[in-house]
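>>> give me a model of this one.
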Amino acid sequence: AVKILNYLGIKPQILDDEVCCGHDQLWEGDLETFRQLAVLNLERLKARGIKRVITTCPECTRTLKIDYPQLVGAHGMEILHISELMAEANLTDLSDGAQPRSQITYQDPCHLGRHLGIYEAPRKVIANLGLELVEMERSRNASLCCGTSCWRACGQVSKSIQVDRLREAKATGGEVLVTTCIKCQIHFKCAQEDPILGEEIAIEIRDLTTLVADRLPG
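Now for the predicted structure:
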């Protein structure tokens with residue numbers, strides 16, 4: 001993410017004492033811990049005069065943008081997911097027009113899509129990279145989630161959701177399943193560890209941030 005920001009001429013402040021945004025604690029009902037984390041983060045961000053926060057995690061984006069103002073207090077900072085910044089920057093110079101267009105499919109993370117309504121920015125970045133997007137049967141606001149919330153309840157039902165989604169991804173014929181959520185990436189890769197299903201759900205999984213960073217020079 002820092003490599004991308006530097007490429008765009010941005011030298012970000014990175015907080016040495018940053019703590020978790022508190023998303024998981026909030027969604028598990030631990031409001032006291034959530035508020036403690038939120039207050040710490042807001043104090044540290046304000047002390048450095050931060051006006052704009054870029055996150056690589058949709059859950060962080062939602063938490064800072066919606067939950068902090070509603071449950072802790074207005075902070076006046078602009079909160080962006082990195083896909084929005086990359087779409088705004090229009091990184092068409094990273095497209096390799098000499099190569100055949102690779103087909104990929106895209107997973108809409110719940111917090112970026114249904115929670116924040118951010119559907120077009122990641123797709124614009126994918127198009128700017130010169131990649132051909134093949135949509136899954138369920139996409140955008142109908143997208144199937146990765147099946148696990150807050151790292152906790154990853155049981156048989158969660159695994160069946162992940163396997164269904166990976167089958168949808170394979171059915172597109174795409175070479176890579178791209179997502180903009182670190183949790184989606186981890187949960188799908190975990191599901192692929194199933195020794196019985198094997199090739200049935202085998203597809204390369206990449207985060208959009210690292211996909212773009214790999215195209216950057218240097």
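>>> what's around Glu18, how many residues?
As a burial measure, Glu18 scores 11 neighbours (other Cβ atoms under 10 Å). The C-beta positions use only the backbone N, C-alpha and C, and glycine is treated the same way.
>>> same thing with the one 5 residues further on?
Number of residues near His23 (other Cβ under 10 Å) recorded here: 23.
>>> likewise Gln156?
7.
>>> in contact with the closest residue to Ala121 other than its chain neighbours, which residues?
For Ala121, ignoring the flanking residues on the chain, the nearest one in space by Cβ to Cβ, 6 or more residues apart in numbering is Ala87 at 3.9 Å. Going by Cβ atoms under 8 Å, 6 or more residues apart in numbering, Ala87 touches 120-122, 124-125, 128.
>>> which of those residues count as buried?
121-122, 124-125, 128 (16 or more other Cβ atoms under 10 Å).
>>> in helices only, show me those residues.
If you go by DSSP state H, the buried ones among the contacts of Ala87 have 121-122, 124-125, 128 in helices.
>>> pLDDT added to the residues you listed, as TSV?
Shown next, in TSV, are these (pLDDT from 0 to 100):
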residue	pLDDT
Ala121	97
Pro122	97
Lys124	96
Val125	96
Asn128	93
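>>> ok, those residues vs Ala38, which is closest?
Comparing these against Ala38 with Cβ to Cβ places Ala121 closest, at 25.3 Å.
>>> pull the contacting residues for the closest one.
With Cβ under 8 Å, 6+ apart, Ala121 has these contacts: 81, 83-84, 86-88.
>>> columns distance to Arg206 and pLDDT on top of those residues, output as CSV?
Shown next, in CSV, are the contacts of Ala121 (distance: Cβ to Cβ, whole Å; pLDDT from 0 to 100):
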residue, distance to Arg206, pLDDT
His81, 16, 98
Ser83, 13, 97
Glu84, 19, 97
Met86, 14, 96
Ala87, 17, 96
Glu88, 21, 94
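>>> returning to that earlier point: which SS class is the residue nearest to Ala121?
At Ala87 the chain is in helix, as set by DSSP: H, G, I helix; E, B strand; the rest coil.
>>> which helix or strand contains the spatially closest residue to His81 that is not a sequence neighbour?
Counting by Cβ to Cβ, 6+ apart, Thr61 is the residue found nearest to His81 once chain neighbours are left out, at 4.5 Å. Thr61 belongs to helix 58-62 when assigned by DSSP states H and E.
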